[in-house]
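> Mind looking at a prediction? Sequence and model below.
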Amino acid sequence: MDETALRLGVNELIAAYVDCIDDDRLEEWPDFFVENCRYLITNRESHAAGLRHGVIYCASRGMLLDRVMAMRRANIFEAHRYRHIVGPARIDRVEGGVALTRCNFLAVRIMHDGDSQLFATGRYLDRIGVGATPYRFIERTIVLDSQKIDTLLVIPL
Amino acid sequence: MDETALRLGVNELIAAYVDCIDDDRLEEWPDFFVENCRYLITNRESHAAGLRHGVIYCASRGMLLDRVMAMRRANIFEAHRYRHIVGPARIDRVEGGVALTRCNFLAVRIMHDGDSQLFATGRYLDRIGVGATPYRFIERTIVLDSQKIDTLLVIPL
Amino acid sequence: MDETALRLGVNELIAAYVDCIDDDRLEEWPDFFVENCRYLITNRESHAAGLRHGVIYCASRGMLLDRVMAMRRANIFEAHRYRHIVGPARIDRVEGGVALTRCNFLAVRIMHDGDSQLFATGRYLDRIGVGATPYRFIERTIVLDSQKIDTLLVIPL
């Protein structure tokens, strides 16, 4: 596989993913995953301890969509948006059409009144299907640096 | 056109642009634009509403230079600098030597006494002339996530 | 030299470096440098004035290791971690197997209780040995935007 093309493709997938969330096009968010996916938001301590549960856990694309639908219906939280800044993705290895990658991120939260604050930092640990285009997430584990923001999470990261 | 070379060139232009501002080499800033350029700083609501005006609007390279000169003469604001962190640029399409691109950014403002704070986040929406080198901005629309920072803007973003 | 490969290699080195620090694998941190290296943390004013001293200065890989060992033994500071977000690296020039590069960074500091704050911003100015793999830092000058954080520095940036 051409390594440059692989890197560009992985970085593009990750950039398109955060654009989708930051644009509030959440109904399209599940399309970045394969059907039998795994999406987990956890924190560093839990991840280091090998715990497989987290703040948010979804085990299929349908669960991701359910989550978006519930969020749209409930709508009890104060309106806000994110702005993600991601660093360069690193590719740990590629095996059988699956790339294991990691990428640092920072998310700023912008409230409806315009107040902005550093909301979350951490790392995306991904298993990405790269055997065919478009690339899709098979597994996305989001390891937050702080355990403090757990209760504030409404929009996916 | 070689896609890898295009991506590297676009990312290099955007990185060189923010370095110029962060280094306070503002007299060189207009050189990143073609003569008949358009530079607009707006916010998400105005942009979504299709409004073509904004906090700062310049319709030529001369207007950009005028802005820098006025800023240098006036000098009534408290001295400060920015540090931009940009994410990977995404290329939406290329047509007739013009690339339409987008890129997330975050700007930290560092005051003269050393105080630093998250100043602005948003997205660069660009039309870039890529038919010849060096690449130049034909149009740069800066969509701020928050409407709160408008009155604090002195240095271009 | 293939420019794309060079850029990918430089970006990978810088990304691997910050991952090492953010993961608290500090014993591995000196391995990113050549034996006769130079590591300097300074601030913008000092750097602009051409001063060669700084907040932290190490003139060999052994001094980097000494610093880590001292930090591990002392352990008198409150436990904290960083999360680095780096922008795209820019290559100023390559001469005789050495690349001169620059790269913006932002570091968030996460305290043991989960409090996160914008800790430092600035620029990495690097001389990187690119004549052989793995690439290694010959000289890394870290120019902080603010002089305020000097006394808070424990972990390397």
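Sure, I can see it. Computed from a predicted model, the values in this text were never measured in an experiment.
> A helix includes A:Gly9, no?
Yes: membership of A:Gly9 in a helix is supported by DSSP: H, G, I helix; E, B strand; the rest coil.
> residue contacts, the closest residue to A:Ala79 other than its chain neighbours?
Nearest non-adjacent residue to A:Ala79, counting by Cβ to Cβ, 6 or more residues apart in numbering or on different chains: A:His112, 4.2 Å away. Bear in mind the C-beta positions are built from the backbone N, C-alpha and C, glycine included. Shown in contact with A:His112 (Cβ atoms under 8 Å, 6 or more residues apart in numbering or on different chains): A:Glu78, A:Ala79, A:His80.
> which residues does the spatially most central residue of chain A contact?
Nearest residue to the geometric centre of chain A (Cα atoms, centre = their mean): A:Leu157, 4.8 Å. Shown in contact with A:Leu157 (Cβ under 8 Å, 6+ apart): A:Ile21, A:Ile41, A:Tyr82, A:His84, A:Phe105, A:Ala107, A:Ala120, A:Gly122, A:Ile142, A:Leu144.
> Need the phi and psi values for A:Gly54.
A:Gly54 adopts backbone torsions of phi -170, psi -170, taken as degrees, to the nearest 10.
> any idea how far chain C is from it?
For A:Gly54, the distance to chain C equals 15 Å [Cβ to the nearest Cβ, to the nearest Å].
> quick one: the helix or strand harbouring A:Phe119 to strand C:116-129, angle?
For A:Phe119, the host element (DSSP states H and E) is strand A:116-129. Here strand A:116-129 runs at an angle of 60 degrees relative to strand C:116-129 (axes from the mean of the first three to the mean of the last three Cα atoms, to 10 degrees).
> just checking, A:Pro156 is part of a helix?
No: counting by three-state DSSP, A:Pro156 is not found in a helix; it is coil.
> Would you confirm that it contacts A:Arg25?
No: using Cβ atoms under 8 Å, A:Pro156 makes no contact with A:Arg25, being 11.9 Å away.
> who's more crowded, the two?
Just comparing A:Pro156 and A:Arg25: by other Cβ atoms under 10 Å in any protein chain shown the higher neighbour count belongs to A:Pro156, 21 against 11.
> Can you tell me how far A:Asp113 is from A:Glu78?
9 Å (Cβ to Cβ, to the nearest Å).
> neighbour count winner among the two?
A:Asp113 (11 against 8).
> Leaving out chain neighbours, which residue sits closest to the residue of chain A found nearest chain C?
When distances are taken as Cβ to the nearest Cβ, chain A reaches nearest to chain C at A:Lys148, 3.6 Å away. Using Cβ to Cβ, 6+ apart and skipping residues adjacent in sequence, the residue nearest A:Lys148 is C:Gly114, 3.6 Å away.
> Check the contact between the one you found and A:Leu144; I expect there is one.
No: here C:Gly114 lies out of contact with A:Leu144, judged by Cβ under 8 Å, at a distance of 9.3 Å.
> mind listing the helices in chain A by residue range?
Assigned helices in chain A, in chain order: A:3-22, A:44-48, A:61-74 (criterion: DSSP state H).
> Which stretch among the ones you listed is buried most, on average?
Scoring the helices of chain A by mean neighbour count under mean count of other Cβ atoms under 10 Å in any protein chain shown gives helix A:3-22 as the most buried, with a mean of 19.
> Give me the residues contacting it.
Applying Cβ under 8 Å, 6+ apart, the set of residues contacting helix A:3-22 from outside is A:26, A:28-29, A:32, A:81-84, A:86, A:88-89, A:91, A:94, A:99, A:101, A:103, A:105, A:124, A:126, A:128, A:130, A:133-137, A:155-157, B:3-4, B:7, B:87-88, B:90, B:102, B:104, B:123, C:4, C:8.
> Now for the residue of chain A at minimum distance from chain B, how many residues are close by?
Here chain A gets closest to chain B at one residue, A:Gly114, 3.6 Å apart by Cβ to the nearest Cβ. Around A:Gly114 there are 15 other residues, counting by other Cβ under 10 Å.
> B:Leu144 is in contact with that one, correct?
No: using Cβ under 8 Å, A:Gly114 is not in contact with B:Leu144; the gap is 9.3 Å.
> Chain B contacts on chain A?
When proximity is defined by Cβ under 8 Å from any Cβ of the partner chain, chain A lies next to chain B at A:4, A:8, A:11-12, A:14-16, A:18-19, A:22, A:81, A:83-86, A:88, A:106, A:108, A:110, A:113-118.
> How about A:Thr141, nearest residue that isn't a chain neighbour?
A:Leu125 is the one closest to A:Thr141 (Cβ to Cβ, 6+ apart), at 4.3 Å.
> Correct me if wrong: the one you found contacts A:Arg102.
Yes: the pair A:Leu125 and A:Arg102 qualifies as a contact (Cβ under 8 Å) at a distance of 5.5 Å.
> For A:Ser60, see how far away A:Ile138 is.
For A:Ile138 relative to A:Ser60 (Cβ to Cβ), the value is 12 Å.
> who touches both of those two?
Taking Cβ under 8 Å, 6+ apart as the contact rule, A:Ile138 and A:Ser60 both touch A:Asn36, A:Cys37.
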